[in-house]
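Trainee: Quick check, what structure comes out for this input:
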Amino acid sequence: GILLTVGCVGVAGVSATSGPEATKAKVQAIADSGAAPLAKFAVSWPLAYHFCGACRHAVWDLKGYGFTNAMMLQSSYAVMGASLAIAFLATSASLPADKKE
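Mentor: Sure thing, here's the model as predicted:
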């Protein structure tokens, strides 16, 4: 969540001080660099984690299921695993294909 906030504030700061063209150029520079996979994962993982956590809370609210200590621990591991898998898949899917020459 902190990395996502820092990224959003950074993009907003560049946009506010330099305009939209500079923001587009900065984002494109990051996308073209070696840091692109890390940057994409830093955006996708907090979103996936909070989505999976919200799904867990919906089950708790709607079904009243999973309120033992053991079940909460298991569902915490499930949320972490599912969010990491979703983020990894989203990051992998968004990377450009290797160009064969």
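
Trainee: where does the protein dip in pLDDT?
Mentor: Counting by pLDDT under 70, the chain has low-confidence residues at 99-101.

Trainee: residue closest to the middle of it?
Mentor: S44 (1.8 Å; C-alpha atoms, centre = their mean).

Trainee: wait, doesn't that one sit right on A93?
Mentor: No: here S44 does not reach A93: they are 9.8 Å apart, not a contact under C-beta atoms under 8 Å. For glycine as for every other residue, the C-beta is placed from the backbone atoms N, C-alpha and C.

Trainee: Now name the helix or strand holding the residue nearest to the centre of the chain.
Mentor: Secondary structure assignment for S44, by DSSP states H and E: helix 36-63.

Trainee: tell me the angle of the next helix or strand along the chain from that helix relative to helix 36-63?
Mentor: Stepping forward along the backbone from helix 36-63, the first helix or strand reached (DSSP H and E) is helix 69-94. Following axes from the mean of the first three to the mean of the last three C-alpha atoms, to 10 degrees, one obtains 140 degrees for the angle between helix 69-94 and helix 36-63.
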